Every structure is written in structure tokens, then in C-alpha cells.
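S.K.: A structural model of the following input is requested.
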Amino acid sequence: MTISRTGETTGPAGYLYPLLAWVSPAFPIGAYTYSHGLEWAVEEGSVRDAGTLEAWLHDVLHHGAGRTDAILLARGQEAAHAGDADGFRELLDLSLALQPSSERRLETTAQGDAFIAAIAAAWPPAGDGPPQRLFAALATGPQAIPRSGWSYPLALTLAAAAWQMPPGPVVTACLQAFTANLISAAVRAVPLGQTAGQNVQQRLAPAVASLADLALTAPVEEIGGCAFAADIASMRHETQYTRLFRS
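M.R.: Down below sits the predicted model:
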């Protein structure tokens with residue numbers, strides 16, 4: 001496999017290097033500053049050890065933002081590959097409308113804005129196909145999405161489509177990064193030991209895999225969630241007295 005400065009790849013897994021870089025904690029989107037309401041759950045006692053953390057994250061994955069974002073990622077790549085600007089914008093608007101609190105909206109828009117800026121500056125896609133043209137129009141062109149107008153999953157899926165990445169690995173990588181970031185937050189906030197955190201990560205692997213499989217075929221009409229405890233936690237976090245995280 002080789003990767004050029006402009007993003008051209010050769011080899012069966014030419015997408016793997018950039019994808020790993022994008023979902024890495026080192027990628028400059030500030031993911032480590034958000035807890036998705038988890039900090040409040042720790043404060044009031046719902047999450048207090050590895051077992052309760054695993055249960056919390058499993059529900060968030062299958063009934064909350066994990067499921068919603070996974071379906072949005074898959075359908076967003078379809079729209080981008082087709083060059084469907086209107087369809088892509090509708091998915092982007094839906095992803096923002098689904099945020100249940102001001103902090104959760106900040107979480108997705110701040111990361112989405114930062115992600116698009118980093119891709120445009122350091123990982124510009126090559127080629128002149130429909131997804132590359134859509135990326136140029138929405139990310140860098142005169143009609144580009146304004147600041148705070150991106151959501152993280154739609155920013156990621158547009159870049160992935162422009163880089164010709166298959167949707168399955170992209171969805172899986174995004175869900176893994178999502179759970180890893182929240183586990184890292186819990187390790188600091190509960191606190192948990194690093195080994196306990198990794199045990200939770202390992203045990204959630206089947207949940208991530210099954211959710212990624214579901215998202216590849218689920219239509220937009222199946223987007224929806226019922227992770228009310230997590231949503232309320234994000235609202236309560238807005239007025240929490242002592243906070244380490246922005247959400």
C-alpha cells in the first residue's frame with residue numbers, strides 16, 4: 001500500500017491508514033473534552049464501576065447516539081457517492097435536530113467543524129468524482145456549510161466517501177472511537193483502572209460489530225432512540241457544579 005500527499009491510495013487496504021488517523025485520539029477535534037453526559041451519570045451514581053459503565057455504554061450504543069450516528073454514517077456515504085447534495089444536507093439537518101441538549105449539539109458541531117477543517121488542511125481528497133466534488137462544495141467552496149453547521153458523523157462520512165472508503169469499516173471505526181472516548185472519560189471520572197477500562201472495551205466489541213452490521217442496511221426511517229437516561233444526563237450536566245468535560 002502507498003498513500004500520496006493528495007490522498008491517492010493503492011493496495012486492498014489503502015483507506016486503512018487515513019481512517020485510523022482520523023479516529024485516533026490524536027486527531028485534532030477535541031473529542032477528549034466531551035463525556036456525552038457520562039460525567040453527570042458518574043456524579044449521581046448511575047455509573048460507578050466497570051459493570052455499570054458497560055451497561056450504560058451498551059444502551060447508548062443500541063438505543064441512543066451510537067445507533068443514530070451509525071445509520072447516519074451509512075446513509076450519508078450513499079448520498080455522497082451519488083453526489084446527492086440535497087439528500088446529504090437533509091441528513092445533516094436531521095443529525096443536528098436529533099441532539100437532545102445544548103451540550104450534545106456543541107459536542108457534535110464542534111467536533112464536526114474541527115474534523116472538516118483538519119481534513120481540508122491535511123487530508124484533502126483527490127479525484128473528481130461525485131463525492132470529491134461534493135466535499136469541495138460543502139467543505140471548501142463558496143457554498144460551504146457554515147461554522148457550527150456540521151455534525152461529526154456527517155463530516156466523517158463525507159470525507160470517507162471522498163476518500164473512497166467502504167462504509168463498513170468506517171462505521172465500525174467510528175463506533176469504536178466513540179466507545180473508547182467515553183471509556184477514557186470514565187477512567188478519569190469514576191475513576192476506573194486502565195485494565196478495567198480495556199475490559200469494558202473488549203466486552204463491547206460484539207455490540208459494536210452487530211450495530212455496524214445493522215447500520216449498513218437500515219433505512220433513514222429507522223433512525224430514532226430511547227436512551228432517556230443519557231439524554232437527561234446531558235441536560236443535567238449543563239448545570240453541574242464541578243465539571244471536567246464540556247458535555
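
S.K.: any idea which helix or strand comes after the longest helix along the chain?
M.R.: Scanning the chain for the longest helix, with DSSP state H as the assignment, gives helix 167-189. Using DSSP states H and E, the helix or strand that directly follows helix 167-189 along the chain is helix 194-203.

S.K.: quick revisit: CA atoms only: put the longest helix of the chain into PDB for me.
M.R.: The C-alpha trace of helix 167-189 is given here as PDB (Å, rounded to 0.1, in the frame of the first residue of the first chain):
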ATOM      1  CA  PRO A 167     -18.800   2.100   4.700                       C
ATOM      2  CA  GLY A 168     -18.500  -1.000   7.000                       C
ATOM      3  CA  PRO A 169     -15.000  -0.200   8.300                       C
ATOM      4  CA  VAL A 170     -15.900   3.500   8.600                       C
ATOM      5  CA  VAL A 171     -19.000   2.800  10.800                       C
ATOM      6  CA  THR A 172     -17.100   0.300  12.900                       C
ATOM      7  CA  ALA A 173     -14.100   2.600  13.400                       C
ATOM      8  CA  CYS A 174     -16.400   5.500  14.400                       C
ATOM      9  CA  LEU A 175     -18.300   3.400  16.900                       C
ATOM     10  CA  GLN A 176     -15.100   2.000  18.400                       C
ATOM     11  CA  ALA A 177     -13.700   5.500  18.800                       C
ATOM     12  CA  PHE A 178     -17.000   6.700  20.400                       C
ATOM     13  CA  THR A 179     -16.900   4.000  23.000                       C
ATOM     14  CA  ALA A 180     -13.100   4.300  23.600                       C
ATOM     15  CA  ASN A 181     -13.500   8.100  24.200                       C
ATOM     16  CA  LEU A 182     -16.300   7.500  26.800                       C
ATOM     17  CA  ILE A 183     -14.400   4.800  28.500                       C
ATOM     18  CA  SER A 184     -11.400   7.100  28.700                       C
ATOM     19  CA  ALA A 185     -13.700   9.700  30.300                       C
ATOM     20  CA  ALA A 186     -15.000   7.100  32.800                       C
ATOM     21  CA  VAL A 187     -11.400   6.000  33.700                       C
ATOM     22  CA  ARG A 188     -10.800   9.600  34.700                       C
ATOM     23  CA  ALA A 189     -14.100  10.400  36.300                       C
END
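
S.K.: okay but Gln77 is in contact with Thr157, surely?
M.R.: Yes. Look at Gln77 against Thr157 with C-beta atoms under 8 Å: they come within range, at 5.0 Å. For glycine as for every other residue, the C-beta is placed from the backbone atoms N, C-alpha and C.

S.K.: which of the two has more residues huddled nearby?
M.R.: A count of neighbours by other C-beta atoms under 10 Å puts Thr157 above the other of Gln77 and Thr157, at 31 against 24.

S.K.: any idea which element the more buried one lies in?
M.R.: helix 152-162.

S.K.: helices or strands up against that helix?
M.R.: helix 16-22, helix 65-81, helix 85-97, helix 102-122, helix 130-135, helix 167-189 (3 or more C-beta pairs under 8 Å, 6 or more residues apart in numbering; DSSP states H and E).

S.K.: just the angle between that helix and helix 85-97, please?
M.R.: 150 degrees (axes from the mean of the first three to the mean of the last three C-alpha atoms, to 10 degrees).

S.K.: so how far is helix 152-162 off the chain centroid?
M.R.: The chain centre lies 10 Å from the centre of helix 152-162; the measure is C-alpha atoms, centre = their mean, to the nearest Å.

S.K.: which neighbours do Gln77 and Thr157 share?
M.R.: Pro167, Val170 (C-beta atoms under 8 Å, 6 or more residues apart in numbering).
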